[in-house]
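# sequence and predicted structure are below.
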Amino acid sequence: MDEALNELRQLIATSDQIVAFTGAGISTESGIPDFRGPNGVWKTSRPIEFGDFVASEDVRRESWRRKFGSNRMAEAAPNAGHLAVAALHRMDKLTHVITQNIDGLHQKAGVPADRVIELHGNANYAKCLDCEKRFELEEIRAIFFPDETVPYCDVCKGIIKTATISFGQAMPAREMMRAEEALQGCDLFLVMGSSLVVYPAAAFPRYAKQNGSKLAIINNEPTDLDPFCDLVLHRAIGETLSAAVD
Ligand code: NAD
Ligand code: ZN
């Protein structure tokens, strides 16, 4: 085994309060493109901002059209990276996954939902923005097709939106608090597949390190936080983490 992988194995072996912090890069091997990686979707399809979504029914229609136009996220299956994170849970070494992803693949891989802190929500269901009633995508699909009717809440007439945090929308207070608690208690903060350029992703690893945790990054390109790390591997997540936990 090569030296860097051996170091990762050692770090994992000597830690038992691991927090995995994941971004879009852990799901590219499941066929979901990331935003800012070399093949990111950033330039081809600008995300819809929260303010525009709330302000215009046409924008909401466009957003549901995009949602139902591609089922890539709903059909995606966990990959070796998600499965290796779930293995850490089974080894009783993982306290939490903090994720920026909205695809639900950590849960599908076997990490219990109450261990997954979703900073940007979940794209696999929807919620009323006013009363927070939950709607399944199938219910909304049935309203939206065939005439592209924009759905509204049947309880309060509020606007329905996928249960994700869009650009321009406030970070969810409860999840932010849980994430801060989790990173204060960990002995290894393991970052995978995030470019670490937006808040809070850019701040969390530093914060964990300042609280006494070890810090490691697996990402196939450098990040600004590489110099603060105990270990950095510029490699593909799936094969790297699974080799380190087998
Ligand atoms: P990002 O797109 O900014 O960065 C992803 C990073 O992962 C890049 O540095 C890229 O080089 C690296 N990477 C990609 N595939 C990799 C692999 N197989 N192995 C190792 N490294 C790999 O991602 P981000 O920081 O999470 O920010 C994007 C935002 O967009 C997120 O906050 C999220 O809410 C949202 N998003 C989510 C999904 C999802 O749920 N799967 C997908 C796209 C975007
Ligand atoms: Zn409502």
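Happy to help now that I have it. Ligands and ions are numbered 1, 2, ... in the order given.

# report pLDDT for residue 38.
Looking at residue 38, its pLDDT stands at 69.

# an error on my part: the question was meant for residue 1.
pLDDT recorded at residue 1 is 57.

# for residue 175, give me phi and psi.
Torsion angles at residue 175 (phi, psi; degrees, to the nearest 10) stand at phi -70, psi -40.

# settle this for me: it is touching residue 118, isn't it.
Yes: using Cβ atoms under 8 Å, residue 175 is in contact with residue 118, at 6.4 Å. Glycine gets a C-beta too; all of them are placed from N, C-alpha and C.

# compare the two (neighbour count), which wins?
residue 118 (25 against 18; other Cβ atoms under 10 Å).

# nearest spatial neighbour of the more buried one, skipping sequence neighbours?
Taking Cβ to Cβ, 6 or more residues apart in numbering, and ignoring the residues beside it in sequence, residue 118 has residue 99 as its nearest neighbour in space, at 5.9 Å.

# the one you found bridge partners, please.
When bridges are called by DSSP bridges, residue 99 pairs up with residue 22, residue 118.

# contact partners for it?
Residue 99 is in contact with 21-23, 106, 116-120, counting by Cβ atoms under 8 Å, 6 or more residues apart in numbering.

# now, which of those residues lie close to ligand 1?
Among the contacts of residue 99, the residues within reach of ligand 1 (Cβ under 6 Å from any ligand atom) are 23, 120.

# residues contacting the lowest-mean-pLDDT helix or strand in the chain, please?
Among the helices and strands of the chain, helix 72-75 carries the lowest confidence by mean pLDDT, DSSP states H and E, at a mean of 81. Contacts of helix 72-75 with the rest of the structure, by Cβ under 8 Å, 6+ apart, involve 31-32, 102-103, 123-124, 137.

# how about the residues of this protein by ligand 2?
Selection of the chain residues close to ligand 2 by Cβ under 5 Å from the ion yields 128, 130-131, 133, 153, 155-156, 158.

# which one (most neighbours) among the residues you listed?
Within these, most neighbours by other Cβ under 10 Å means residue 128, with 20 neighbours.

# which residue is the nearest non-sequential neighbour of it?
Closest to residue 128 by Cβ to Cβ, 6+ apart is residue 153, at 3.8 Å.

# for the one you found, phi and psi?
Per-residue torsions, residue 153: phi -60, psi 130 (degrees, to the nearest 10).

# that one and residue 132 touch, don't they?
No: if you go by Cβ under 8 Å, residue 153 and residue 132 don't touch, sitting 9.4 Å apart.

# from ligand 1, how far out is residue 108?
Remark: distance between residue 108 and ligand 1 (Cβ to the nearest ligand atom, to the nearest Å) = 12 Å.

# ok, the residue of the chain most remote from its centre to ligand 2 distance?
The C-alpha centroid of the chain is most remote from residue 147, which lies 32.3 Å away (Cα atoms, centre = their mean). In this structure, residue 147 and ligand 2 are 22 Å apart, going by Cβ to the ion, to the nearest Å.

# check the secondary structure at that residue for me.
At residue 147, secondary structure determined by DSSP: H, G, I helix; E, B strand; the rest coil is coil.

# what's the pLDDT at it?
Here the pLDDT value assigned to residue 147 is 95.

# so which residues of this structure form helices?
In the chain, the segments counted as helices under DSSP state H are 3-13, 50-55, 57-69, 72-75, 80-90, 105-109, 137-144, 173-184, 204-210, 237-245.
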